[in-house]
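> Coordinates for the following, if possible.
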Amino acid sequence: MKVLLVLLLWALLLALCWPLALLVLVLWPVLWLLSIPFRIIGVLMEALLAFARALLMLPARLLGER
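As a prediction, the model looks like this:
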């Protein structure tokens, strides 16, 4: 569903302003490549926060709290 919406929005942009639509088509892979480090940092931060939460909750789990 999301892909269809993006495709429809791009087709609308193509109909309204084709140079901008072509620029978006060319720059989209570059922007995707630039976002990869931020995605990796986000996954690492999520893992670190989950580890910290598990570490802080360990005494309660050992004592039988759920």
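
> Please count neighbours and contacts with C-alpha atoms only from this point.
Noted.

> what about the helices in the chain?
Along the chain, counting by DSSP state H, helices occupy 2-16, 18-62.

> could you redo the ones you listed as TSV and give each row mean neighbour count and mean pLDDT?
Shown next, in TSV, are the helices of the chain (neighbours: other CA atoms under 10 Å; pLDDT from 0 to 100):
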stretch	mean neighbour count	mean pLDDT
helix 2-16	12	93
helix 18-62	12	94
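
> Geometric centre of the chain: which residue is closest?
Using CA atoms, centre = their mean, the residue of the chain that lies closest to the mean C-alpha position is Arg39, 6.2 Å off.

> Return the distance of it relative to Val24.
From Arg39 across to Val24, the span is 21 Å (CA to CA, to the nearest Å).

> before we move on, what about Trp32?
Distance check for Trp32 against Val24: by CA to CA, it reads 12 Å.

> can you give me how far stretch 23-31 is from the chain middle?
Computed by CA atoms, centre = their mean, to the nearest Å, the chain-centroid distance of stretch 23-31 equals 17 Å.

> which residues are in contact with it?
Under the criterion CA atoms under 8 Å, 6 or more residues apart in numbering, not a single residue lies in contact with stretch 23-31.
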